[in-house]
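Asker: Sequence and computational prediction follow.
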Amino acid sequence: MNQTMTVREQVSALADGHLHGEDFARAIDTVCAEEDARGAWRAYHLVGDILRSGAHSPCSNGNAFLARFQQRLAAEPVITAPAAAPAGLTARHRADAANEPVFRWKLVAGAASLVAVAAISWTLVGNGIGASSPGAQIAAAQQQPAANSVLAAAAANSQLPPTAALTPTRVMVGNGSPQVMLRDPRLDQLLEAHQQAGGASQMPSGFLRNATFEGPAR
Amino acid sequence: MTVQMPISARAFALVFAAFCLAQIAAAQTRPGPANPRGTASAQAGDAPPSMSVVEWLQRMHTGARQRNYVGTFVVSAAGGDLSSARIWHVRDGDLQIERIEALSGPPRSTFRRNHHVMTFLPEAKVVKVEKRENLDLFPNLPDKPDSSIGDFYDVRAVGKDRVAGFDADVVQLVPHDGLRFGYRIWSERRSGLVVKLQTVDAESRVVEQSAFSELQLDAPVKAQALAQMMTNTTGYRVEKLELERTSAQDEGWVLKAPVAGFRPRSFYRRPAGSDDKAGQDRTVQWTFSDGLASVSLFIERYDEKRAPRDGVLTIGATNAIRRRLPEPASDWWLTAVGEVPQQTLNAFAQSLSRTR
């Protein structure tokens, strides 16, 4: 009797979460071993639920549920492996989503197309200068390689892929020494600001041109 | 016999009715009193009508404003770059609504409702909102031509051509000096709408051209639908551009010698660049125009850290130069941008000086 009381007290304490260490292990063993103790375990939980919620709780046979559950679990032995796999998958998905540089590469692609424009304009401007002033022709011819070497140096120093980093143009300023003007974000801002202030808009189709032309408005 | 009479009568009635309808339709499509040149060009036959530069430009602007159209617009630069966009334009009373959907490059759509412009950048989820000035030929005096354009450009009627399926008059605007580009303009015969435009340099090379590759004039476009698309900014961050007006005098800048034909248009202090941490507190923008081409002078504090190199840039008809100003203004640097030859920008740069 005393023994049973102790067992019931133990179950009660277990249900309340008061048991630790040795006592906890012993109580678990008891509940698992004795049908009486398991009944008490269920009864105490039911009493607790009703006391806490104040509403009627549906009774259910925990053993039957547990048995059904174990049966199903046994019938699906692979469940643990797939359970691990989806976790891996989601982790990989998350890696994808966080992979921001993908978007940056798109920008790089956009910048690369601009490079093509500027690079060709560069040669054209070079030709234009040569043709317009005969005196400058020799100078232009000499400066061409120099400008190229500046480009090469800049490309070597660049962190980004060279195609994206450089949008070079031919340069003749002041004393005629060749210089490169990079298509930096600041310059793009200014080109855009020029359009906002009505640049090229006085032509009847100027606004369409500005909105269509990819150059400054990237 | 008795059967044939009613049929021919009916046929006659039908033809008559069709004729009446055609008249009504013609009356509806004929431009109102605001476009007095509409009939002039129709009478002129093969040769383009002889008009002054200003009259031509007025006709082209009116054509662009008064008609509804849908088309594909293509811009190509001398370097071989090609950009295209789908255009919708609708006029609803005094309201001009335009939608420009870029077909090349990063996706973006630009909407214009009179002077209000919104640019949607779907990749960045940003919409830029601004109010643009100088969108019209004569922004302040719509009916009073700025006659000075005629002092710097001559007009020559070149002939006629066909663009995007439409007959067009071809005229050439020839500059009087080397400070501006020339233009070859294809203007749709009936409406005056510019269907093709070439920017030509002093050596008669085309530096940039734009044209409709396909065009539907008087297309049914719903102003309401476009206006609605413009207001739908859900999911976008709205970036509003506010410019502070100031004056060259207040900011301490002057042009020692004016550049022929270019008159000052506006002077703004631009807000510090949002994505620039460097001290750009005092970037000012001084704009000039000769009526067709415009130039912006951006003046900023020289920044050692960024060490901007002097240089030039050419994108189609747009040129830019950047240089550090000479003593005594050497702690400033200038970026000049415009649809003008390089030498025009140089002239501005040499003339710009500090008053204090």
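Answerer: It's in. Numbering: from 1, shown residues only, chains lettered A, B, ... in the order given.

Asker: show me where pLDDT drops low in the stretch 101-250 of chain B?
Answerer: Residue ranges of the stretch 101-250 of chain B with pLDDT under 70: B:133-147.

Asker: give me that answer again for 90
Answerer: Where the stretch 101-250 of chain B drops to pLDDT under 90, the residues are B:105-106, B:114-116, B:130-151, B:219-224, B:227, B:230-233, B:240-250.

Asker: interface residues of it facing chain A?
Answerer: Within the stretch 101-250 of chain B, the positions adjacent to chain A are B:102, B:104-106, B:108, B:110, B:112, B:119, B:123, B:130, B:132-135, B:137, B:183, B:193-194, B:197, B:201-203, B:205, B:210, B:241 by Cβ under 8 Å from any Cβ of the partner chain. (Each C-beta comes from the backbone N, C-alpha and C, glycine too.)

Asker: Kindly give a single PyMOL line that selects the buried subset of these.
Answerer: Under the burial definition 16 or more other Cβ atoms under 10 Å in any protein chain shown, those of those that qualify are selected in PyMOL by:
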select buried, chain B and resi 102+104+105+106+108+110+112+119+130+132+133+134+135+137+183+193+194+197+201+210
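
Asker: Of the residues of the stretch 101-250 of chain B next to chain A, which belong to strands?
Answerer: If you go by DSSP state E, those have B:102, B:110, B:112, B:119, B:130, B:183, B:194, B:197, B:210 in strands.

Asker: Tell me how the chain divides into domains.
Answerer: The chain I'm using is chain A. By the assignment in automatic domain parsing, chain A contains the domains A:2-77, A:101-183.

Asker: switch to chain B, that's the one I care about
Answerer: Taken from automatic domain parsing, chain B resolves into B:37-237, B:242-354.

Asker: closest to residue A:41 out of those?
Answerer: domain B:37-237 (53.8 Å; Cβ to Cβ).

Asker: about what we covered before: how about TSV for the domains of chain B, with distance to residue A:13 added?
Answerer: Formatted as TSV, the domains of chain B follow (distance: least, Cβ to Cβ, whole Å):
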stretch	distance to residue A:13
domain B:37-237	56
domain B:242-354	63
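
Asker: ranges for the helices of chain B?
Answerer: All helices of chain B, identified by DSSP state H, fall at B:4-29, B:37-43, B:53-66, B:149-152, B:223-231, B:248-251, B:342-351.

Asker: ok, of the ones you listed, where does mean pLDDT dip lowest?
Answerer: In terms of average pLDDT, helix B:37-43 trails the rest of the helices of chain B, at a mean of 42.

Asker: How many neighbouring residues does residue B:291 have?
Answerer: Neighbour count of residue B:291, defined by other Cβ atoms under 10 Å in any protein chain shown: 24.

Asker: Pretty sure it sits against residue B:148.
Answerer: Yes: Residue B:291 is in contact with residue B:148 according to Cβ atoms under 8 Å; the separation is 6.2 Å.

Asker: For these two, list the residues in contact with both.
Answerer: By the contact definition Cβ atoms under 8 Å, 6 or more residues apart in numbering or on different chains, residue B:291 and residue B:148 are jointly contacted by residue B:261.

Asker: C-terminal to the least confident helix or strand in chain A by mean pLDDT, what's the next element?
Answerer: Taking mean pLDDT, DSSP states H and E as the measure, chain A has helix A:162-165 as its least confident helix or strand, at a mean of 34. Using DSSP states H and E, the helix or strand that directly follows helix A:162-165 along the chain is helix A:185-196.

Asker: Can I get that following helix as PDB, trimmed to CA atoms?
Answerer: Extracted in PDB, the C-alpha atoms of helix A:185-196 (Å, rounded to 0.1, in the frame of the first residue of the first chain):
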ATOM      1  CA  PRO A 185      28.600  55.400 -60.700                       C
ATOM      2  CA  ARG A 186      29.000  59.000 -60.000                       C
ATOM      3  CA  LEU A 187      29.300  59.800 -63.700                       C
ATOM      4  CA  ASP A 188      26.200  57.800 -64.400                       C
ATOM      5  CA  GLN A 189      24.400  59.800 -61.800                       C
ATOM      6  CA  LEU A 190      25.400  63.000 -63.500                       C
ATOM      7  CA  LEU A 191      24.400  61.700 -66.900                       C
ATOM      8  CA  GLU A 192      21.100  60.900 -65.500                       C
ATOM      9  CA  ALA A 193      20.800  64.300 -63.800                       C
ATOM     10  CA  HIS A 194      21.500  65.900 -67.100                       C
ATOM     11  CA  GLN A 195      18.600  64.100 -68.600                       C
ATOM     12  CA  GLN A 196      16.400  65.100 -65.700                       C
END
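
Asker: Name the residues of that helix that are buried.
Answerer: Buried residues in helix A:185-196 (16+ other Cβ under 10 Å): A:186, A:187, A:188, A:189, A:190, A:191, A:192, A:193, A:194, A:195, A:196.
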